[in-house]
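K.L.:
3D, please:
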Amino acid sequence: MKQIVIIHGGSSFNSYENYLNHLKSSQLHYERLLWSQKWRDWLAQEIVDTDVLLPDFPNKQNASYAEWKIYFEKLLPLLGDDVQLVGYSLGAMFLAKYLHESPLSSPVRRLVLVSPCYDDESVEDLGSFRVTSAAGLEKSAKEVHLFHSKDDPVVPFTELAKFQRDLPTAKLHIFEDRNHFFQPTFPELKELLEQK
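P.N.:
Here you go, the predicted structure:
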């Protein structure tokens, strides 16, 4: 059975106080409260010959690496022998950190990291997801792909170079104007995931 696992983004804070301050200072935007299609859901509808899994990791508003690790390790036994892992933003950081610390016993077909942060101090808080090294991820995946846009306002484009340093064989997918991939569709990612 072919499977694609897409791990969503989120926020992580260095302290509970920082999280509360963020809640107090951030504004709600009416437009963001309306339903809008996300590329994760679009991919699940568009890719028909593969099980696209969209797990909801715990507490995405104030995520804890330890909690996500427990959840991910419960997910691993459900995976078969033809798996592609996609991490987006905080989800990409999680996969980089987890697979660096705990390489998979059997590599997945493809690992895709979309807009991952590494350790940039300008990013508000990285909490327990800060990446210290992404070296060795190729032990857990036959292919590693990195997606980033030069105009990303959430994760500086300079973070890509840190992943490139640790993963010199990774394939790069660089965009000029995709922001933080806040978009309803993602045809380039679909095309990659459908490749044999």
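K.L.:
what's the average pLDDT for the helix or strand harbouring residue 5?
P.N.:
With secondary structure defined by DSSP states H and E, residue 5 is part of strand 2-7. The average pLDDT within strand 2-7 is 98.
K.L.:
pull out the buried residues from stretch 51-62.
P.N.:
52-53, 57, 62 (16 or more other CB atoms under 10 Å). (Glycine included, C-beta is placed from N, CA and C.)
K.L.:
JSON lines for those residues, including secondary structure?
P.N.:
Formatted as JSON lines, the buried residues of stretch 51-62 follow (DSSP: H, G, I helix; E, B strand; the rest coil):
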{"residue": "52", "secondary structure": "strand"}
{"residue": "53", "secondary structure": "strand"}
{"residue": "57", "secondary structure": "coil"}
{"residue": "62", "secondary structure": "helix"}
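K.L.:
neighbours around residue 71, how many?
P.N.:
14 (other CB atoms under 10 Å).
K.L.:
same check on the one 5 residues further on?
P.N.:
The burial metric for residue 76, expressed as a neighbour count using other CB under 10 Å, is 12.
K.L.:
run the chain-centre distance for the lowest-mean-pLDDT helix or strand in the chain.
P.N.:
One helix or strand of the chain scores below all others by mean pLDDT, DSSP states H and E: helix 30-33, with a mean of 91. Offset of helix 30-33 from its chain centre (CA atoms, centre = their mean, to the nearest Å): 23 Å.
K.L.:
what comes up buried for that helix?
P.N.:
So for helix 30-33, nothing qualifies as buried (16+ other CB under 10 Å).
K.L.:
next SSE after that helix?
P.N.:
Next along from helix 30-33, by DSSP H and E: helix 39-46.
K.L.:
what's that next one in contact with?
P.N.:
For helix 39-46, the external contacting residues (CB atoms under 8 Å, 6 or more residues apart in numbering) are 4, 6, 8, 52, 54, 88, 181, 183-186, 189-190, 193.
K.L.:
contact partners for residue 155?
P.N.:
89, 115-117, 120, 123, 148, 180.
K.L.:
now do the contacts for residue 15.
P.N.:
Counted by CB under 8 Å, 6+ apart, residue 15 has zero contacts.
K.L.:
now swap in residue 18 and tell me
P.N.:
residue 125.
K.L.:
rewinding a little: so of the contacts of helix 39-46, which ones are in helices?
P.N.:
Using DSSP state H, the subset of the contacts of helix 39-46 located in helices is 189-190, 193.
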